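Colleague: predicted structure and sequence below. I'll ask about it afterward.
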Amino acid sequence: MTTTLEHATTMAQPKGGGLARHQNFATAIVAGVVLAWVGWFLGRHLFWNGSDNWSDQVTILTLLGWMLGFWIGIGAFNAPFQWLLGRDNTRADNLYYAGDKQGRMRYWKFTTDHKVVGVQYIIVTMGLLAVGGILAMAIRTELITPGTHFVNQQVYNSFIAIHGMVMILALIVAVAGPWGNFVMPIMIGARDMAFPRLNALSLWTLVSAATVLVGTLAVGGLPVGWVVLGTIANQAGPGMDFFAVAIVIFTVSTTVASVNLITTVITMRTRGMTLDRLPIFVWGTIITAALALYAFPFFFVAEANQIFDRTASTSFYVAAGGGTSWLQANLFWLMGHPEVYVILIPAVAALFEISSTMARKPVFSYRTAVGAMVVLAGLSAVVWAHHMFTAGWAPSLSGPFMVTTELISIPTGIFFLVLVGTLWRGNVWMKLPTVWMFGFIFNFIVGGVTGIYLSDVPLDEQLHGTMFVTAHFHYIFVGSVLFGAIAALAYWFPKVSGRYLNEFLGRLSFWLVFSGVQLTFGAMFLSGLKGMPRRDASYSFAFEHTNFISTIGAYMIMSGMLVLLGAVITSWRSGEPSGPNPWRANTLEWQVPTPPPLENFDVLPVITEDPYHFDETTVNA
Amino acid sequence: METSAKKSLRSFYWTWVILTAVGVGLSLWLPRRYMPAAMSNDAHLTMTTMILFSICAAPVASGVYAGALHVLRHHRYRGDGVPPPAPQIRESTKLLTSWITASAILTVFVLVWGLGALAAENGSSSSNPLVVNVTGQQWVWTFSYPGTHVVSDELYLPENREVEFRVTSLDVTHGFWLVNMGVQVDANPDVITTIHTTPDKLGVFEVRCEQFCGLNHAFMDAVGYVVTPQKFSSWLSAQPARA
Amino acid sequence: MSIDSPSRDQTHSPGDGPHDSPEKVDGRERLGVWLFIGADVVTVGALLFTYLYLRAVDTAGHWMNMWGYQGSLHTYQYWANAAANGTLKNPTLIHVGTVSAGLQWLVAAITVLSALLLWVGEKGLRANKNAKSFSATAVVAALLPVVGIIFTAVLLKDLPQIFVSINDSNTMSYTTYDSAMMALLSSTIFHLVILTFLGLGLSIRAARGVVSGDRWYQVRLVRMFWVWVALSSVVATLITTTITSTH
Amino acid sequence: MDRSKSLGVALVSVLLGGGALALGGFVLASNTPHQKALQCIESSTHSHTCSVTLSTFPDSLEGVHGANGGPHPDWVTYSNDNVVVPANTTVNMTIDQYDTGGNVNNPFFDSVVGTNGGTAAVNGKVVTHVALGDTGHTFTLRGIPGNGKTLFVSVPLPYNFGTKFPVRLGTGTYPKPVVVKFSFTTGGPAVYEFNCEFPCGGSREGNGFGEAMQAFGYMSGTITVK
């Protein structure tokens, strides 16, 4: 090839303006608030006529102002603007944006280094879990006895949806965020993600979306349930505008992150890292990313339609104008079911990785495990209407959707086979990650089996909309995904901090959370079987005992999670030093120093076999 | 070495069998103990399905639990430091195919049963069902009986006659759920959705909203009564005519 | 795993300058653009799904030709009847119609034209290596979408609406047809704004010599997206106008 | 870190974190508006009888929402959202209706349901329903779920056509109220919800069940039987 490519230009350009080098989280907030005020001011003058009916336009403009300001303030638009003007970043600029020689300050900036982004994701996830946790405790406190005493039904209703959506967001990023960013590029032998700036963009977009979502609490919450069914959502106050804008922004974040993850894995693998030598967690990450790329645009459109309904008097979901909630339900669940696997697959893939290392054995039937994840991701795209069995929408499709849904149990079954098969006849090292993994196996069976009931249409016509459903997906989300996420945290914590996560506190936390989950959601199954509906601020005396047990269990989960938080904070500061490869694992992230240097490898490794062969040398390494 | 492995395998099988037995016991007991008393053909089918599926799930769940317990008992590394490498087993085609075959067979069974039950629920057995118009609104159900002037906030149904509910909503989406009858369908504004069921037991039952519908959703319920046909017609005629 | 002795191009430390060959970076960015296009395909697909879904169910006879109307409550028909009977106090019905298909096709044609223009420009750049003439072509290609935006805004402004006022409160302004069209047209505007930005960027970069006959790879990236936008506008227009033309 | 220090960390985490959570929870829960309970005044002449008076206003300028009507002065409201009545008692309820009205969207709520005798007195006249289209609000009281319905009372509050004889209350001026009297009998201790079934809340989709209808303390409340 005779042409020189554009990217090869390293002509000395003037460095990015001095202003760009002073941007950080604080300037982002300032700019966000300023533009939010501008949006509010404009909205007031353009639309406000003194009636609450028009407050939505003002709210939406204010929030768009916030988002735009936040992006400008954090520096997300610097690069596109410079591109427009034909001034690309120099190498020095790129090093600066990667956080080179900036100490802790780099965690507060638009930093492109994938390890910084990974740590930022850990913090964001913990923050979201805290908010969702407070709301969960408020909900369970209200439900400790029948009647409305702690909060009335208005406040209760405004909590439940925010709890749901905040936790969904937290779990979507809980594994793929921190570890897909921190360890995944090292695992494949890359020096960074394919698009480092997009990496930072996805993180900070998530932050701005999360602030808007949590901000919903300040404007009267979201009294519509987390599925924001079209008709009821149209009735809600400004909280619904916050929600819709948060989702629209969040979709930008996931799309950008997914594109980045997929491109990184496909194009950045080091020499010899063929697809059948990929660590299985990397497979989990890209399958998830591909699924997210497909699924979240539906949510984007669902909520954009909602915004139109509320600000431009359209009638997508307004029955009087010919619209229908079923449209919203279809769009929502076209995203909603794939999203469950977006949450689940990274956790499962991380556990495959952990099980192999901890059992000192290769991942059992690696190809089948990858195949199962692919099949699961594919199936999840064609099962969405099982959430609508009782909606009255297209009853003739119940049969087909029941078939596709129940087929899911086959790939899910393979997950168990792979996990237990990997541990079988191993020398299982009972460290903290392993303990949480066994908790996962126990809970995931419960969540999985109850899923079979719900996919059966006749049974669903009794169980739909009850606490049984709530218990089912909490066994999946809390009992399985959260356990997997904590196992991953315990496993990779030494790589991030150079220290072990405190074993004793971790186990104490495990037993509190594990028993709490059994009490809370086990009793919740019984409430649901008896016929207690979801999302109710009060309930009949028939459900008194099971709800009391659930609340006690919830406090145990809370205590356990707080102990874990204490363990993370103390271990990060003064835990037992671990060295670069505490688990004697073969994957590449353990072969680099801890903490990994900027750009990870001075010399890119060449891979000659997959990382799952354990022999005497790996013991003594 | 070989014998101890065999011995430990035997303990695995025993654990599996015992756990399965416990699972089957729970399957037979829990639904009957905790599910609301069945008052219609659909509710009976629901109960049977619940028990049957639980029994099917028992060996699968028990197998995984027995496997995990077996690993905890026999394959845990009890020494200090890094465990030595274990046998580097990567595949077992036999295990894989038998596992997939077994789960496929169970899935197909569950599917066939479920599709059959679905057909049984959807099929209408009566050519002359009692029609009840159900209106959901925030946060009350009202029931009207076409052909009469009766509108009521309570639902009266005659025993052993198929009922066709025509459900709609005046505002947002509600979920019409006859708790003891095992049927539910959403009440959608501007749309009429239909469900059938045949009450087959006298008594009082609960009508609930199971789709979140706003401020007082938790309080949106109604009482239903299944009465003899004679009582039903006398109740109808005792009701005041409403506009 | 073993780590062989590295070949020279794999040795690198952070200060050494760009560490991946330009070919590699280009392939990476092309994949990224394809993936973004994929996400955009789903988004536009979801918008068309919205359109087709509302079109198919037509719950309250709010589509253009009122077929299959079986509404029961406060529907369009209810209002129309009430307006005819005079039972409502002051209902006002403005015409129910369709978006001007001609203007919609014009916007699609403009987008296609701009895509072709950019493509021709790219070909010229790669063959003649004349950055100045490419810069001129790109600026024209970037300004065409602005014209498209103006026409789309006109379409949005003239969206046929049904305006009903009952008991002094304005309850409904846009029917489902208008709603679906509004979302589609907004998406068109959004895409055209991006095209304008990209086109202007290419033009400026070409003028400054960053894009040139030797360095044309970003032009290809932009052109890929541009062609997709043109394609999507044709598909969307085709779907919406073939359906509107049935009555 | 040794075992005892770890336990200390665990304890501190749970106490500090639990405290923070509790604080957060209570701050969030403090959004709950608390209105002073309106007691049903027991009759001195008849045992097991009490009387209570509620009002319905076209705006929130009068009564419980604070100076100048609180955050939403233009929302319709009941005068109280928190009524306490004794158990196993006949409640003589008087509701002063100051608001206009129109078509209720479900004709069922033009009728009097569940009161003693199945009737109500409107300005002294005994009725079982109000004329179609003349409903202003309704007082609809329902039982708590799951225990069999022990109470269901629904009384239409007619359209107030009056413009003469303005009554000044607080900062608002209203027409002379339509006085609706009815009675019902409570059972054992329980909590009941009441709200209005007339679409009076205003909302963007036009069904009238938004805003005031979705906010606790405007067109809804509780009756606690003690």
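Modeller: Done, it's in.

Colleague: okay, now whatever residue of chain A ends up closest to chain C: neighbour count?
Modeller: Scanning chain A for the residue nearest chain C gives A:Gly322, at 2.7 Å (criterion: Cβ to the nearest Cβ). For every residue, glycine as well, the C-beta is placed using N, CA and C. For A:Gly322, the neighbour count with other Cβ atoms under 10 Å in any protein chain shown is 29.

Colleague: for chain A, tell me whether the lengthiest helix in chain C is touching it.
Modeller: Secondary structure of chain C per DSSP state H: the longest helix is helix C:22-57. Yes: Helix C:22-57 lies within reach of chain A by Cβ under 8 Å from any Cβ of the partner chain, at C:22-28, C:31-32, C:35-36, C:38-40, C:42-43, C:45-47, C:49-50, C:53-54, C:57.

Colleague: I'd like the mean pLDDT over that helix, please.
Modeller: Here helix C:22-57 scores 90 as its mean pLDDT.

Colleague: cool, and stretch C:146-153?
Modeller: 95.

Colleague: over to stretch A:101-112?
Modeller: For stretch A:101-112, mean pLDDT rounds to 88.

Colleague: do me a favour and get the end-to-end distance for that stretch?
Modeller: 13 Å (Cα to Cα, to the nearest Å).

Colleague: buried set for stretch A:545-561?
Modeller: Buried residues in stretch A:545-561, defined by neighbour count with 16 or more other Cβ atoms under 10 Å in any protein chain shown: A:546-547, A:549-551, A:553-561.

Colleague: and the longest helix of chain C, what does it pack onto?
Modeller: helix A:238-267, helix A:280-311, helix A:325-359, helix C:176-207, helix C:217-244 (3 or more Cβ pairs under 8 Å, 6 or more residues apart in numbering or on different chains; DSSP states H and E).

Colleague: of all those helices, which one is nearest B:Ala241?
Modeller: For the helices and strands packed on helix C:22-57, proximity to B:Ala241 was assessed by Cβ to Cβ; helix A:325-359 is nearest, at 34.0 Å.

Colleague: now that closest one: how far from the chain's centre is it?
Modeller: Offset of helix A:325-359 from its chain centre (Cα atoms, centre = their mean, to the nearest Å): 9 Å.

Colleague: show me the shaky parts of the stretch 1-150 of chain A.
Modeller: The model of the stretch 1-150 of chain A has pLDDT under 70 over residues A:1-17, A:49-54.

Colleague: around chain B, pick out the residues from it.
Modeller: Counting by Cβ under 8 Å from any Cβ, the stretch 1-150 of chain A sits next to chain B at A:Thr148.

Colleague: can you give me the strands in the stretch 1-150 of chain A?
Modeller: For the stretch 1-150 of chain A, applying DSSP state E, counting those that start in this stretch gives no strands.

Colleague: residues near residue 45, how many?
Modeller: You didn't pick a chain, so chain A it is. 9.

Colleague: wrong one, chain C
Modeller: Residues within reach of C:Gly45, counting by other Cβ under 10 Å, total 15.

Colleague: now it: closest residue in space, sequence neighbours ignored.
Modeller: A:Pro297 (7.8 Å; Cβ to Cβ, 6 or more residues apart in numbering or on different chains).

Colleague: against A:Ile343, how distant is the one you found?
Modeller: Distance, A:Pro297 to A:Ile343, by Cβ to Cβ, to the nearest Å: 18 Å.
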